[in-house]
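Trainee: A predicted structure for the sequence below; I have some questions about it.
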Amino acid sequence: DSSVVGGRNFVSEVIDPTLPLQPLLFGTDISLFGTRDRRSTLRGGGDLTYALSARDQLGASAYYFSSRYSRLGALGNNDGYGGSLGYSRQVTEHLQLGGQMGVARYDYKGSLGSTTVLSPQLSFAWTLGPRWKADGAVGVSFASATNGRTGRSLSGNLRLCRASERSSLCLAAQRAVLPTGISGTQNVTSADANYSYKVSERGTISASAGYSSNASSQLLAANDNEYLRGSISYEHVLRERVRVIVSSQYREIFGGLTSRSSRS
């Protein structure tokens, strides 16, 4: 991915409730919105699930990403890599419980150094009925930086989704210690609501709203920023390979020390 920070990547996509909940790997760099800096990111990863029995399974995942900034250069450039190992058990027909350990390392090319994060978490997946499902993980992240500072914070992700033949609704919240650009490693908190409705065989209306905050993780100096965003769109299928999409977005940024346009 290569894009101007905050240019097109501030609108949450509609979540597909049938897909697994994806981990949060890096922040939104709210403190850089308006600077017109370009971030180029290369990322990849994979996961593996092994069934121990009809009720028990092991899961493992690994990832790597590399982010480079055109203007910040070495001050913001960073690499991240890590993974997780987990166990889950189908307790009842509708409830799955488990635990997992995540490990991450974020290396900055400049003076910000490196940060290692350990995140033990309890996980669950709960089918509440024919249409509702909740899943997620909750735990604590322990962070340690090369400058000798340490930090501890709540971490995890939660999601509640409802899916039917014509509509879907997802409410999600996430919190993690993540790398950002010039601000270094921070606590990133986000909450999102996504809704889509199929108004006809060819037309679908979608809406999303969200809140994010980047706050100092007490590891490195940082700007604290808050960010509101919303969007609404309509998609119409003209024929098999042609679609028309009309959308409108809104955002507003609070806090921070950088002079930039806060609303659009």
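Mentor: Noted; the coordinates are in hand. Numbering: from 1, shown residues only.
Trainee: shaky segments in the stretch 101-250 of the chain?
Mentor: 216-223 (pLDDT under 70).
Trainee: any idea where the strands of it begin and end?
Mentor: 114-127, 132-145, 150-163, 167-179, 185-198, 203-216, 225-239, 242-255 (DSSP state E, counting those that start in this stretch).
Trainee: CSV for the ones you listed, including mean neighbour count and distance to residue 72?
Mentor: All C-beta spots, glycine's among them, are computed from the backbone N, C-alpha and C. Output for the strands of the stretch 101-250 of the chain, formatted as CSV (neighbours: other Cβ atoms under 10 Å; distance: least, Cβ to Cβ, whole Å):
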stretch, mean neighbour count, distance to residue 72
strand 114-127, 19, 17
strand 132-145, 18, 19
strand 150-163, 18, 23
strand 167-179, 21, 13
strand 185-198, 20, 15
strand 203-216, 18, 16
strand 225-239, 16, 16
strand 242-255, 13, 18
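Trainee: closest to residue 70 out of these?
Mentor: Nearest to residue 70 among those is strand 167-179; the distance by Cβ to Cβ comes to 17.3 Å.
Trainee: Pull up the pairing partners for that closest one, direction included.
Mentor: Pairing partners of strand 167-179, with direction, according to DSSP bridges: strand 150-163 (antiparallel), strand 185-198 (antiparallel).
Trainee: between it and strand 132-145, how big is the angle?
Mentor: On the basis of axes from the mean of the first three to the mean of the last three Cα atoms, to 10 degrees, strand 167-179 is oriented at 10 degrees to strand 132-145.
Trainee: can you give me how far stretch 205-219 is from the chain middle?
Mentor: Centre-to-centre, stretch 205-219 and its host chain are 9 Å apart (Cα atoms, centre = their mean, to the nearest Å).
Trainee: can you check stretch 152-160 too?
Mentor: Taking mean C-alpha positions (Cα atoms, centre = their mean), stretch 152-160 and its chain are 11 Å apart.
Trainee: hmm, back to that, now the strands of the stretch 101-250 of the chain in a markdown table, with distance to residue 101?
Mentor: Below are these laid out as a markdown table (distance: least, Cβ to Cβ, whole Å):
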| stretch | distance to residue 101 |
| --- | --- |
| strand 114-127 | 5 |
| strand 132-145 | 9 |
| strand 150-163 | 12 |
| strand 167-179 | 14 |
| strand 185-198 | 19 |
| strand 203-216 | 24 |
| strand 225-239 | 30 |
| strand 242-255 | 33 |
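Trainee: Out of those, flag the one nearest residue 43.
Mentor: In terms of Cβ to Cβ, the element of those nearest to residue 43 is strand 167-179, at 12.3 Å.
Trainee: on that earlier part again, TSV please, covering the strands paired with strand 167-179 and showing distance to residue 113.
Mentor: Shown next, in TSV, are the strands paired with strand 167-179 (distance: least, Cβ to Cβ, whole Å):
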stretch	distance to residue 113
strand 150-163	13
strand 185-198	9
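Trainee: just to revisit the earlier point, relative to residue 71, which of the strands of the stretch 101-250 of the chain is closest?
Mentor: Shortest distance between residue 71 and these, using Cβ to Cβ, is found for strand 167-179: 17.3 Å.
Trainee: For residue 65, find the nearest of the strands paired with strand 167-179.
Mentor: Here strand 185-198 is closest among the strands paired with strand 167-179 (Cβ to Cβ), at 14.2 Å.
Trainee: ok, residue 203 - contacts?
Mentor: With Cβ atoms under 8 Å, 6 or more residues apart in numbering as the criterion, the residues that contact residue 203 are 234, 235, 236, 237.
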